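Visitor: Provide a 3D model corresponding to the input given below.
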Amino acid sequence: MEIRIRLDSSPLSITLEGSLDGTSASALRDQFFDVSLTTSGAVIVDISAVDFMDSVGLGLLVSFYRQLGAKGRLLHVTGATGQPNDLLRITGSGRVLCLPIKENAA
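Guide: Below is the predicted model:
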């Protein structure tokens, strides 16, 4: 799993590449935790280069969404295609995680 975080963008941008699964979740969880503690405002997670996502990966995105939401912040997951898109659609998670962020949002 490759993770790129752009701290100089507004909203903050995180790009993920590879498989979002149990194997990559631990390192990614730590990165998400650091982002939630050391930044402010909305966060966009681009998963257009994620080729596989399992329930652990989905749970991690939902956890990050809740973590940010508890601080009044927004998370928007974008770029889902193929199997990750199917997972978001089938579970209904896409209705929450993939809502667009308004320009003046936190």
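
Visitor: would you map the helices across this structure?
Guide: Along the chain, counting by DSSP state H, helices occupy 22-38, 55-69, 82-91, 94-97.

Visitor: so for the third one, mean pLDDT?
Guide: The reference is to helix 82-91. Helix 82-91 carries an average pLDDT of 93.

Visitor: 30 is where my numbering starts, stick with that
Guide: Sure, I'll start counting at 30 from here, so that last one is helix 111-120.

Visitor: list the contacts of it.
Guide: Contacts with helix 111-120, where a contact means C-beta atoms under 8 Å, 6 or more residues apart in numbering, come from 49, 76, 79-83, 87, 106, 109, 122-123, 126-127. C-beta: built from backbone N, CA, C; applies to glycine.

Visitor: number of nearby residues for residue 62?
Guide: Counted with other C-beta atoms under 10 Å, residues neighbouring residue 62 total 13.

Visitor: neighbours of residue 63, how many?
Guide: When neighbours are counted by other C-beta under 10 Å, residue 63 registers 11.

Visitor: and the gap between it and residue 125?
Guide: Residue 63 is 23 Å from residue 125, where distance means C-beta to C-beta, to the nearest Å.

Visitor: tell me which of the helices of the chain sits most buried.
Guide: Greatest average neighbour count among the helices of the chain goes to helix 84-98 (a mean of 17), per mean count of other C-beta atoms under 10 Å.

Visitor: so the spatially most central residue of the chain bridges to which residues?
Guide: Central residue check for the chain by C-alpha atoms, centre = their mean: the C-alpha nearest the mean position is that of residue 74, 4.0 Å away. For residue 74, the beta-bridge partners are residue 43, residue 106 (DSSP bridges).

Visitor: report the contact partners of the closest residue to residue 52 other than its chain neighbours.
Guide: Residue nearest to residue 52 in three dimensions, not counting chain neighbours: residue 30, with 7.8 Å by C-beta to C-beta, 6 or more residues apart in numbering. By C-beta under 8 Å, 6+ apart, the contact list for residue 30 reads 45, 46, 47, 48, 49, 52, 53, 56, 57.
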